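>>> Pasting the sequence and the predicted coordinates here, then a few questions.
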Amino acid sequence: MAKGTVKWFNSRKGFGFITPEDGSDDVFVHFSAIKGEDNEFKTIYEGDIVEYEIVDGKKGPQANEVTVSEKGPRKSFKKKGSYF
């Protein structure tokens with residue numbers, strides 16, 4: 001099983017990339033490869049440490065059976081100004 005860090009993931013589009021810890025090229029990840037409960041929204045976040053299997057995808061290596069082993073820091077969004 002390979003290990004890496006989520007470089008970015010767009011939950012609206014359902015895909016992103018993982019940077020492998022071994023320094024090899026980034027690996028494509030599709031939301032359907034993320035393991036979770038059947039009715040759970042499947043997403044990963046930038047900075048998450050993940051474990052995954054590498055399979056041959058249509059355009060090269062692709063992550064499969066992705067699980068989060070350590071959550072990365074979450075970005076907080078601060079509102080600017082007042083809305084009153």
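Received, thanks. Numbering: from 1, shown residues only.

>>> my read is Ser32 is in a strand, agree?
No - with DSSP: H, G, I helix; E, B strand; the rest coil as the criterion, Ser32 is located in helix rather than a strand.

>>> how deep is it tucked in, by neighbour count?
With neighbours defined by other C-beta atoms under 10 Å, the count for Ser32 comes to 10. In short, each C-beta sits where N, CA and C put it, glycine included.

>>> now it: how far from Glu21?
Using C-beta to C-beta, to the nearest Å, Ser32 is found at 23 Å from Glu21.

>>> which SS state does Glu65 fall under?
Criterion first, three-state DSSP; result for Glu65: strand.

>>> so it makes contact with Ala33?
Yes - counting by C-beta atoms under 8 Å, Glu65 does reach Ala33; the two are 6.7 Å apart.

>>> Looking at those two, which is more packed in?
Using other C-beta under 10 Å as the criterion, Glu65 and Ala33 rank with Ala33 on top: 19 against 13.

>>> hey, where'd the strands end up in the protein?
Remark: strands assigned in the chain by DSSP state E are 2-10, 15-20, 27-30, 49-57, 60-70.

>>> Go through those strands and name the closest to Lys42.
Evaluated over these, closeness to Lys42 peaks at strand 60-70, with 8.8 Å, by C-beta to C-beta.
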